[in-house]
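1. One predicted model, sequence on top.
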Number of protein chains: 2
Amino acid sequence: MDYFPAALENLVEQFAKLPGVGRKSAQRLAFYILDQPEQTAQDFAAALLDAKKNIGCCPVCQNLTDGEGTCPLCASSKRDHATVCVVADPKDVMAMERSREFSGVYHVLHGVISPMNHVGPDDLRIAQLVERVASGGIEEVIMATNPDTEGETTAMYLSRLLKPFGVRTTRLAYGIPVGSHLEFADDATLMRALEGRREI
Amino acid sequence: MDYFPAALENLVEQFAKLPGVGRKSAQRLAFYILDQPEQTAQDFAAALLDAKKNIGCCPVCQNLTDGEGTCPLCASSKRDHATVCVVADPKDVMAMERSREFSGVYHVLHGVISPMNHVGPDDLRIAQLVERVASGGIEEVIMATNPDTEGETTAMYLSRLLKPFGVRTTRLAYGIPVGSHLEFADDATLMRALEGRREI
């Protein structure tokens, strides 16, 4: 690798640090940047610094936001502030918003309880959620963590933590995904879908 | 997508511009950057700007190099400057160097002749190669463009262009790759391997 100029080698290494980018891809990306006009590299660099500098967490829902103060969702008077949907990740907020079904507000935990990865309740934004609920005005907390062991554990933990405050805690329904085929559904999902069956 | 802060959305877009990076991957990469300490973003941004600013082409072989003047290979007295290996891409120089078989110098075309992509001889560093050969001291020019139609065309074109200068022009051998299986070799490769057979 002696014949990569140092600056190029450095750029390759930076790309290779990204998740899911191996050394070969990193080289391809670095060569792509070199092939582009200087403005491309400048825009990219500015976006990196800008994102890191300007994006913080909303003091209310802990979702990512730029600018000062609360995020647009928490600040909106059109949203139902008595219903809080608890998600693990900012990406999950996007997913919920895409469904256009939910008009409440969110609380982003920034992770789930995972003893395997040494993530305990104190590493998440749980204290802020408790504080939010304790300060009143919230009627329902919907646990929308992922339907896996860790998401489930987190939902159960939060549910027990929040019950004393007299709020309703609910969990997203399990079942077969819309548009899928029964034959491809796994046993656990089918069992949950049966358990949760409704009259039509 | 309303609920991505603008700075994050911008970063996602920058990542999505990279070849082979779709919107989902771009989101993942952008979230990764946000999760990292600020130094990561700063290092990345610096590497981008630095690579673009400091990397230029060697005035002799047109390979990428940083710093002023000729590249380390062209400046080296240990290399055989009478043998020039013509490659399409800086990446091909790395590949050749990895083989540790070649002790001459290179000439990087920065592409191949490709009428389909509107790349003609004038878009490549061919004039510089002709000049190099014309100025004397070169005995052999090895065409090491890729063994595809465009690489072949480029090699033939250059070969005809350089013949009048009295240099030997050669082409890399075709054949079955080392470590592969005959049964998986395609017809064209097998044909070439037969044509190029040698006594043992």
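-> Received, thanks. This structure is a prediction, so every number in the text was calculated from the model and none was measured. Numbering: from 1, shown residues only, chains lettered A, B, ... in the order given.
2. Can you identify the element that follows the strand ranked longest in chain A toward the C-terminus?
-> What stands out as the longest strand in chain A, according to DSSP state E, is strand A:80-87. Next in sequence after strand A:80-87, counting helices and strands by DSSP states H and E, comes helix A:90-99.
3. That following helix near chain B anywhere?
-> Yes. Using C-beta under 8 Å from any C-beta of the partner chain, we find that helix A:90-99 touches chain B at A:90, A:91, A:93, A:94, A:97. Backbone N, C-alpha and C define where each C-beta goes, glycine included.
4. Give me the contact list for that helix.
-> With contact meaning C-beta atoms under 8 Å, 6 or more residues apart in numbering or on different chains, helix A:90-99 is reached by A:63-64, A:73, A:85, A:87, A:102, A:106, A:108, A:110, A:144, A:146, B:1-4, B:27, B:31.
5. cool, and stretch A:51-67?
-> Counting by C-beta under 8 Å, 6+ apart, residues outside stretch A:51-67 touching it are A:69-74, A:84, A:90, A:93, A:105-110, A:125, A:128, A:132, B:3-8, B:10-11, B:30, B:33-34, B:38, B:41-42.
6. Give me the buried entries from those.
-> A:70-71, A:73-74, A:84, A:90, A:93, A:105-110, A:125, A:128, A:132, B:3-5, B:7-8, B:10-11, B:30, B:33-34, B:41 (16 or more other C-beta atoms under 10 Å in any protein chain shown).
7. Who's the closest spatial neighbour of residue A:51, skipping the chain neighbours?
-> Leaving aside its chain neighbours, residue A:51 sits nearest to residue B:11 (4.1 Å; criterion: C-beta to C-beta, 6 or more residues apart in numbering or on different chains).
8. name the element that neighbour belongs to?
-> Going by DSSP H and E, residue B:11 is in helix B:6-16.
9. Can you tell me how far the residue nearest the centre of chain A is from chain B?
-> Among the residues of chain A, the one closest to the centroid is residue A:89, at 1.5 Å (C-alpha atoms, centre = their mean). Going from residue A:89 to chain B by C-beta to the nearest C-beta, to the nearest Å gives 8 Å.
10. got it, and residue A:36?
-> Applying C-beta to the nearest C-beta to residue A:36 and chain B gives a distance of 8 Å.
11. repeat for residue A:40
-> 8 Å.
12. ok, how many other residues are close to residue A:113?
-> Neighbour count of residue A:113, defined by other C-beta atoms under 10 Å in any protein chain shown: 24.
13. close enough to count as contact, the residue nearest to residue A:51 and residue B:31?
-> No. Using C-beta atoms under 8 Å, residue B:11 is not in contact with residue B:31; the gap is 9.4 Å.
14. Just checking: what are the partner strands of the longest strand of chain A?
-> Strand A:80-87 has these partner strands in its sheet, going by DSSP bridges: strand A:104-108 (parallel), strand A:140-143 (parallel).
15. three-state assignment of residue A:170?
-> strand (DSSP: H, G, I helix; E, B strand; the rest coil).
16. bridging residues for it?
-> Going by DSSP bridges, residue A:170 forms beta bridges with residue A:142.
17. Tell me the spacing between it and residue A:159.
-> 9 Å (C-beta to C-beta, to the nearest Å).
18. got it, and residue A:193?
-> 22 Å.
19. same check, this time on residue A:40
-> 48 Å.
20. Over to residue A:180?
-> 28 Å.
21. So for the two, which sits in the more crowded spot?
-> Legend: neighbour count by other C-beta under 10 Å for residue A:180 and residue A:159, higher for residue A:159 (16 against 10).
22. residues contacting that one?
-> Here residue A:159 is in contact with A:143, A:169, A:171 (criterion: C-beta under 8 Å, 6+ apart).
23. Correct me if wrong, but it is in a strand.
-> No. Counting by three-state DSSP, residue A:159 is not part of a strand but helix.
24. what number of residues lie near residue A:157?
-> Neighbours of residue A:157 using other C-beta under 10 Å come to 17.
25. Pull up the gap between the nearest residue to it once chain neighbours are set aside and residue A:138, please.
-> In space, not counting the residues next to it along the chain, residue A:157 is nearest to residue A:113; the distance is 6.0 Å by C-beta to C-beta, 6+ apart. Distance, residue A:113 to residue A:138, by C-beta to C-beta: 21 Å.
26. List the buried residues in stretch A:47-58.
-> A:47, A:48, A:49, A:50, A:51, A:52, A:55, A:57, A:58.
27. just checking, the third one is part of a strand?
-> No. With three-state DSSP as the criterion, residue A:49 is located in helix rather than a strand.
28. Could I get the contacting residues of the closest residue to it other than its chain neighbours?
-> Excluding its sequence neighbours, the residue lying closest to residue A:49 (C-beta to C-beta, 6+ apart) is residue B:45, at 5.2 Å. With contact taken as C-beta under 8 Å, 6+ apart, residue B:45 is in contact with A:44, A:45, A:46, A:48, A:49.
29. and residue B:45, what pLDDT?
-> As predicted, residue B:45 sits at a pLDDT of 93.
30. For it, what is the enclosing helix or strand?
-> Judged by DSSP H and E, residue B:45 forms part of helix B:38-54.
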